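1. Make a model of this:
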Amino acid sequence: MASKTAAVLRGLLFISSRNLHKCRASANVLNQVWQTHRSFASTSRDDSATFPDFKVAVFSSKRYVADFLTQPLRSVFPSSTFVEPRLDINSARMAEGCRAVSIFVNDVCDAKVVQQLAGGGVQLVALRCAGYDRVDVKACHEAGIQVVHVPTYSPQSVAEHAVAMMFCLNRNLHQAHVRVSQGNYALSGLVGFEMLGKTVGVLGTGAIGSHAARILKGIGCRVLAHDLNPAQECVQLGVEYLGLDEMLPQCDILTLHWPLLPSTHHIINKERISRMKPGAMLINVSRGGLVETDALCEALERGQIGAVGMDVYEDEDALFFEDWSQYTAQERMRFWDRRLKTLLSYPQVLVTPHSAFLTREALHNIATTTVSSMVDFAAGRPLRNLVQERGHSPKP
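-> Here you go, the predicted structure:
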């Protein structure tokens, strides 16, 4: 009984720390948690130089972005500007006269945008994330623009979010919270299972996947993994590496931690879902394009997949990081996504708005790394986080 209680407490701590109870009620969690980031607005730096003539345009600068990045950025680049719209062909002109732009995961930096940025004087694109699948790196290099990113800002944050989703879905906490708030204290339909001894498959054991495996081993799960390059840390923990097709039928839970590459697009498709253990849980905190959405909906409806936790969605770029509740119905219809609304209607599905990274620690690391890269560029020093021309996102 004590072990069961301890497991539930661990799950509740994960849920509470990641605000999953709020995400179920509102996709605007980023605005809800911005005040918690004030204490990390100041980022110490060893480099005391300032570059008053080096102008930076920060795109996708929602309130939480300006809150954690304004002080560290403007202390070095005082003429920097924060632009709320995301970068695309329509907003690129707002970088006119800037030498650098800072962009986020769903900003569009394709060849046409790159051409416009270069014409306005931009020489550096600094991503506030690890992935760069929406950046045409080749076009940037051809235009004389260098690209840097934040290769690892807090893999622990993303891994904890994945495990929090497992606890939430397993114990139906998202449904229980809504029920109680409406005066319904019935227990039927809320039965879960113990995580202890369950088999969890980790697809991709880079920095994030390795942290997830460590947490899951600590809970008492049997952890399997699939990766072309097994992580030594996972091997030492006793994680068993298997081929993907051999691993899928054994997993009670499958968690995805691969980057989005041409070779991994829809890696979880109709065929692979059919090989999964019936009723298994699927967690995706990596990239939405890893999962074939139509096949996922079909599998949920026939019970092949028992529950899904998603922090990403393959068509999220036009939807996420916006508060659509403030728009008219006609305006919302322009970006209405029927498949996403279908997923949200399922009781066994939990969706968060690409917020797995969103911790104070991660924001601090993102600010430090991003500003440091810009300082290195402005000072003519080698760039430590330079993105090479590979045409895809790095392994997380």
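2. Which residue, other than its chain neighbours, is closest to residue 51?
-> Leaving aside its chain neighbours, residue 51 sits nearest to residue 378 (4.7 Å; criterion: CB to CB, 6 or more residues apart in numbering). Backbone N, C-alpha and C define where each C-beta goes, glycine included.
3. swap in residue 185?
-> residue 179 is the one closest to residue 185 (CB to CB, 6+ apart), at 7.3 Å.
4. so which helix or strand takes in the one you found?
-> helix 173-181 (DSSP states H and E).
5. Assign a three-state SS to residue 341, would you?
-> At residue 341 the chain is in helix, as set by DSSP: H, G, I helix; E, B strand; the rest coil.
6. the strands in the stretch 51-200 of the chain, which residues?
-> 56-58, 81-82, 100-103, 124-127, 146-148, 199-203 (DSSP state E, counting those that start in this stretch).
7. in the top helix by length along the chain, what's buried?
-> Ordering each helix of the chain by length in residues (DSSP state H) puts helix 360-378 first. For helix 360-378, the neighbour count (16 or more other CB atoms under 10 Å) marks 360, 362-378 as buried.
8. go on, stretch 243-263?
-> Buried residues in stretch 243-263, defined by neighbour count with 16+ other CB under 10 Å: 247-248, 250-261.
9. how far out from the middle of the chain is it?
-> Its chain's C-alpha centre and that of stretch 243-263 lie 18 Å apart, by CA atoms, centre = their mean, to the nearest Å.
10. First-to-last residue distance for it?
-> As for stretch 243-263, its first-to-last residue distance stands at 16 Å under the measure CA to CA, to the nearest Å.
11. Could you list the alpha-carbon positions for the longest helix of the chain in CSV?
-> Output of helix 360-378 as CSV, limited to C-alpha atoms (Å, rounded to 0.1, in the frame of the first residue of the first chain):
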residue,chain,number,x,y,z
ARG,A,360,12.5,28.3,-15.4
GLU,A,361,15.7,26.3,-15.8
ALA,A,362,15.3,25.8,-19.5
LEU,A,363,14.4,29.4,-20.2
HIS,A,364,17.5,30.5,-18.3
ASN,A,365,19.7,28.2,-20.4
ILE,A,366,18.0,29.3,-23.6
ALA,A,367,18.7,33.0,-22.8
THR,A,368,22.3,32.3,-21.8
THR,A,369,23.1,30.3,-24.9
THR,A,370,21.3,32.5,-27.4
VAL,A,371,22.9,35.7,-26.1
SER,A,372,26.4,34.1,-25.9
SER,A,373,26.1,33.0,-29.6
MET,A,374,25.2,36.5,-30.6
VAL,A,375,28.1,38.0,-28.6
ASP,A,376,30.5,35.5,-30.2
PHE,A,377,29.2,36.5,-33.7
ALA,A,378,29.4,40.3,-33.0
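12. Can you measure across stretch 109-124, start residue to end residue?
-> Length of stretch 109-124, first residue to last, CA to CA: 12 Å.
13. what comes into contact with it?
-> Contacting residues not belonging to stretch 109-124 are listed as 87-89, 92-93, 95-101, 103, 125, 134-136, 139-140, 143-148, 374, 377 [CB atoms under 8 Å, 6 or more residues apart in numbering].
14. Write the PyMOL selection for whichever of those are buried.
-> Applying 16+ other CB under 10 Å to these, the buried members can be selected in PyMOL as follows:
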select buried, resi 87+88+92+95+98+99+100+101+103+125+134+135+136+139+140+143+145+146+147+148+374+377
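15. which secondary structure elements does the helix holding residue 179 contact?
-> Helix 173-181 is packed against helix 2-18, helix 20-25, with contacts defined by 3 or more CB pairs under 8 Å, 6 or more residues apart in numbering; DSSP states H and E.
16. same question for the longest one, mean pLDDT?
-> When the per-residue pLDDT values of helix 2-18 are averaged, the result is 57.
17. Find the least confident helix or strand in this structure, judged by mean pLDDT.
-> Ranked by mean pLDDT, DSSP states H and E, the weakest helix or strand in the chain is helix 29-32, scoring a mean of 40.
18. That'll do, ta.
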